[in-house]
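# Using only what follows, build the 3D model:
(chains A and B)
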Protein chains: 2
Amino acid sequence: MAKKGNIVVGQSGGPTSVINASLAGVYKTAKERGFHKVYGMLHGIQGFLDEQYVDLSTQIHSDMDIELLKRTPSAFLGSCRFKLPDIHENPDIYEKIFSILDKLNIEVFIYIGGNDSMDTIKKLSDYAIVKGHRQKFLGVPKTIDNDLALTDHTPGFGSAAKYIGTSTKEIIRDAQGLTYNSPMITVIEVMGRNAGWLTGATALAKTEECEGPDLIYLPEVAFDVEKFVNKVKDLLKKKISVVVAVSEGIKLEDGRYVCELSGGSDYVDAFGHKQLQGTAAYLAGLLKNEIGCKTRSVEFSTLQRSASHMASRVDIDEAFMVGGAAVKAADEGDTGKMVVIDRVSDDPYSSAAGIYDVHKIANNEKLVPRNWLNRDGSYVTDDFLNYIEPLIQGDYSPFMVNGLPQHLVMKK
Amino acid sequence: MAKKGNIVVGQSGGPTSVINASLAGVYKTAKERGFHKVYGMLHGIQGFLDEQYVDLSTQIHSDMDIELLKRTPSAFLGSCRFKLPDIHENPDIYEKIFSILDKLNIEVFIYIGGNDSMDTIKKLSDYAIVKGHRQKFLGVPKTIDNDLALTDHTPGFGSAAKYIGTSTKEIIRDAQGLTYNSPMITVIEVMGRNAGWLTGATALAKTEECEGPDLIYLPEVAFDVEKFVNKVKDLLKKKISVVVAVSEGIKLEDGRYVCELSGGSDYVDAFGHKQLQGTAAYLAGLLKNEIGCKTRSVEFSTLQRSASHMASRVDIDEAFMVGGAAVKAADEGDTGKMVVIDRVSDDPYSSAAGIYDVHKIANNEKLVPRNWLNRDGSYVTDDFLNYIEPLIQGDYSPFMVNGLPQHLVMKK
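Next up, the predicted model:
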């Protein structure tokens, strides 16, 4: 068997608690399968174009380091939000990428990311095939949003859901402890522009000893402000503390985001996505005016994607698995593919890595099915919860040093 | 020895992660010392006045329940924000309280709370002495804010500090992973109206592998907007990701809260405290306008006081200790006192329960000493960190059920 060349791996898009577990899976499997060097792109394809990369053997020295990497949130290699132009628009950029790949003797290019990153894998693998380049291009899914098609779920989702479920329980406890004879409404805002998977995860808080949120609104169903206010008023007739979870991306029937009603922010990111903020704050203010009781808003914000101290063991293990599976697939000749997670069994839960053509995946958002929401779109169903519960099970204890979780961080 | 009567215990003010550990300490010690029944006031003195109370033996059935209670955030008994009138203003309310105490054969009244709660202990113990009532009144300190005098620190502070340190590390990782060649400023908002203890705790994130926040602003020092903007501009010349931590209560030289500059909320609570919100959001917006780069704000909000999944073992143990010590003190004849935590040794850290006259404590806020901040008031010193570090050590594993922490909740 011919001696193997090198691998390069990058991370892209919004970070998650487990994106580094996938990196660990790539690294460990590449070493086990006899690849020579594993390079990491610094800040994804954007940094790679500036020839910013690192030999990962200078960073990972032991199995202990690999375990630490699995417990480190955010992109160890640095991330980017960089959209490759279409090939005909700017062939030079493709020439440059492949010249760097050739210079580094790269045989396998692995990109860990979401929808936009799979677009990168598609374009690069297409280009390689058209131009006769030998490199293989594999995608590893990653997003807390769980909005990738064809995979049962995405690495990063389970941990974010576990953090959201835990924090929602804690907030409900907080609210109930505070309310005696004057009512209080708490509005929780969860990430999710178009897909409500994470907002639905607040329903995990509904357990034996916790009633969970009272209302849950996802972007999949048009939001009716008047009906919402009336529902809250009705709830206040029966209970003193009302907790509502809303997605940052809930929209009115006419398509306007609820957060736009408050004036909000107009920042637009590199993919043309509007930055949403303030949905919960807006609704809390509205309810205060309409009902006159105390209201408050809580945004889980950045914490929901970076709280690796509350990561799910299933999620970390699966993230590691798909990283390794991408190396294996490339090593066996695949290219232009994304590794996915197949749910093999529900009870007991088990999963395995599968593989799909990336052309079928990119830019195709997976939303929460309408029948996993109740009729008026104000809560998720048991089917939703049965789907999500296996994904939040178990944990990896953080490596605590001086009272705080330790992370693996790039040595310069 | 005469057969002992009953104890009543209540919780008051803002919840913490460990206020129930103090309740557990009261309950267990009361049982061990032979008190007959332990009653819990529902929603503190306010519910007690409505004769809302519970026999805790109907709620706590085992040592396992006690352990679960130690891991349950927020006030198990329910809290209140109710200020007793001065005795001469409304003697009827005092008569009512003592008639309920007599009816329930209460010998010891224990109140777990902050400054405002110690005021309740003071008034009730004064009244009892003046009127010749036999009950003993003891206070157990509780506040994430750490602003009580005479105690080395308050139960609840260490756990909040641990959560804040952990989350700050995770946010710094998130920010560094996201920034390649376009800068980003993150402004973190931490609770603390007048005392900056919790905001200073963000400096715990400064560890071997994390540079920590770049700037930290406490309410103890007047905030200068122009100097702040210039400092951030200077930092951006050297680094791409700047992380700033501010207290919700930072004020200008003229006494106005920074959050008031944005118009903010005008809600005022029962103690006349203005509700503060939006300091970080205001500053993030300001920096975006002044500097033109991407900015974002994160509010730790309610999570910092209810995240019992990240509680400190030292904090839980001390909260339990002071609860027990209050029962012991009352049993030995003390009244009108608050239990405090004395720091016995720094290295190795050890602490013990002490006791002080509550007249010396109430309504006397303990601020961060000026010499524990650097000269221009933009960071805390090593002395601050040496004080706080022992308080965040160790953890109690949450009891995980179906992937989420389990809590002990009042059975109706």
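# which parts of the stretch 151-300 of chain A sit against chain B?
A:162, A:165-167, A:169-171, A:173-174, A:176-181, A:186, A:204-205, A:207-210, A:267, A:294, A:296, A:298-299 (C-beta under 8 Å from any C-beta of the partner chain). In this view, the C-beta of every residue, glycine as well, is placed from N, C-alpha and C.
# could you redo the last one with a cut-off of 7 Å?
A:162, A:165-167, A:169-171, A:173-174, A:177-178, A:180, A:204, A:207, A:209-210, A:298-299 (C-beta under 7 Å from any C-beta of the partner chain).
# ChimeraX command for the buried members of those?
A single ChimeraX command selects the buried members of these (16 or more other C-beta atoms under 10 Å in any protein chain shown):
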select /A:162,165,166,167,169,170,171,173,174,177,178,180,204,207,210,298,299
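# Tell me which of the residues of the stretch 151-300 of chain A next to chain B fall in helices.
Judged by DSSP state H, the subset of those located in helices is A:162, A:165-167, A:169-171, A:173-174, A:177-178.
# Would you format those residues as CSV with pLDDT included?
Listed next are these as CSV, based on pLDDT from 0 to 100:
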residue, pLDDT
A:K162, 98
A:G165, 98
A:T166, 97
A:S167, 97
A:K169, 97
A:E170, 97
A:I171, 97
A:R173, 96
A:D174, 96
A:G177, 92
A:L178, 92
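# from those residues, which is closest to A:K337?
Of all these, A:K162 has the smallest distance to A:K337: 28.7 Å, by C-beta to C-beta.
# so who does that closest one touch?
A:310, A:312, A:392, B:403 (C-beta atoms under 7 Å, 6 or more residues apart in numbering or on different chains).
# from the ones in helices among the residues of the stretch 151-300 of chain A next to chain B, which two are the most distant?
A:K162 and A:L178, at 25.0 Å, using C-beta to C-beta across these.
# what residues does stretch A:22-37 touch?
Contacting residues not belonging to stretch A:22-37 are listed as A:4-7, A:9, A:11, A:38, A:55-57, A:60, A:66, A:69-70, A:76-77, A:110, A:112, A:140, A:142, A:155, A:319-324, A:326-328, A:331 [C-beta under 7 Å, 6+ apart].
# Just the buried ones out of those, please.
The buried subset of the contacts of stretch A:22-37 (16+ other C-beta under 10 Å) comprises A:4, A:6-7, A:9, A:11, A:38, A:56, A:60, A:66, A:69-70, A:76-77, A:110, A:112, A:140, A:142, A:155, A:319-324, A:326-328, A:331.
# ok, what's across the strand from A:L373?
Beta-bridge partners recorded for A:L373 (DSSP bridges): A:V380.
# Give me the distance between it and chain B.
Computed as C-beta to the nearest C-beta, to the nearest Å, the A:L373 to chain B distance reads 22 Å.
# does that residue really touch A:L218, like I thought?
Yes - between A:L373 and A:L218 there is a contact under C-beta atoms under 7 Å: 6.5 Å.
# More neighbours: which of the two?
A:L218 (29 against 22; other C-beta atoms under 10 Å in any protein chain shown).
# count of neighbours near the closest residue to that one other than its chain neighbours?
In space, and not counting its chain neighbours, A:L218 is closest to A:G196: 2.5 Å by C-beta to C-beta, 6 or more residues apart in numbering or on different chains. For A:G196, the neighbour count with other C-beta under 10 Å is 31.
# Any chance of the backbone angles for A:G196?
In terms of degrees, to the nearest 10, the main-chain angles of A:G196 are phi -100, psi 20.
# ok, now which ones touch it?
Counted by C-beta under 7 Å, 6+ apart, A:G196 has contacts A:218-220, A:247, A:368.
# per-residue confidence for A:N363?
We have a pLDDT of 65 for A:N363.
# Give me the below-cutoff pLDDT ranges for chain A.
For chain A, the stretches with pLDDT under 70 are A:1-2, A:262-277, A:362-363.
# what about 80?
A:1-2, A:262-277, A:361-364 (pLDDT under 80).
# For the residue nearest the centre of it, which three-state class applies?
Taking C-alpha atoms, centre = their mean, the centroid of chain A lies closest to A:I144, which sits 1.8 Å from it. Of the three states, A:I144 takes coil under DSSP: H, G, I helix; E, B strand; the rest coil.
# Looks like it contacts A:F157 (just checking).
Yes - here A:I144 reaches A:F157: they are 5.8 Å apart, a contact under C-beta under 7 Å.
# and the spatially most distant residue from the centre of chain A, what does it touch?
Ranked by distance from the centre of chain A (C-alpha atoms, centre = their mean), the top residue is A:N181, with 39.9 Å. Listed by C-beta under 7 Å, 6+ apart, the contact set of A:N181 is empty.
# ditto for the one 5 residues further on
Residues in contact with A:T186, defined by C-beta under 7 Å, 6+ apart, are A:171, A:175, A:243, A:296, A:298.
# which one of the residues you listed is nearest B:K411?
Lowest distance from B:K411 to the contacts of A:T186 (C-beta to C-beta) belongs to A:A175, with 18.6 Å.
# Could you tell me how far the closest one is located from B:S12?
Per C-beta to C-beta, to the nearest Å, A:A175 is found 16 Å from B:S12.
# Among the two, which residue is more densely surrounded?
Counting neighbours by other C-beta under 10 Å for A:A175 and for B:S12 shows that B:S12 has the greater number, 28 against 22.
# Pretty sure the more buried one sits against B:D119.
No - in this structure B:S12 lies outside contact range of B:D119 using C-beta under 7 Å: 10.1 Å.
# got a list of what A:T72 touches?
Taking C-beta under 7 Å, 6+ apart as the test, what A:T72 contacts is A:20, A:308, A:407-408, B:173.
# Please tell me how far it sits from A:Q393.
In terms of C-beta to C-beta, A:T72 sits 21 Å off from A:Q393.
# ditto for A:A311
A:A311 is 11 Å from A:Q393, where distance means C-beta to C-beta.
# quick one: which of those two has more around it?
A:A311 (28 against 17).
# Helix or strand: which one has A:V327?
Element membership for A:V327 (DSSP states H and E) is helix A:313-331.
# and A:I216, bridged to which residues?
Beta bridges link A:I216 to A:A245 when assigned by DSSP bridges.
# Which stretches in the stretch 201-350 of chain A count as helices?
Taking DSSP state H, counting those that start in this stretch as the test, the helices found in the stretch 201-350 of chain A are A:225-238, A:279-291, A:303-306, A:313-331.
# right, is the shortest one up against chain B?
If I follow you right, that is helix A:303-306. Yes - using C-beta under 7 Å from any C-beta, helix A:303-306 reaches chain B at A:303, A:306.
# Show me what that helix packs onto, helices and strands only.
The helices and strands touching helix A:303-306, judged by 3 or more C-beta pairs under 7 Å, 6 or more residues apart in numbering or on different chains; DSSP states H and E, are helix A:157-178, helix B:157-178.
# Extract the CA atoms of that helix and return them as CSV.
What follows is helix A:303-306, C-alpha atoms only, in CSV (Å, rounded to 0.1, in the frame of the first residue of the first chain):
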residue,chain,number,x,y,z
LEU,A,303,-24.3,30.6,26.1
GLN,A,304,-26.6,28.0,24.5
ARG,A,305,-24.0,27.2,21.8
SER,A,306,-20.9,27.4,24.0
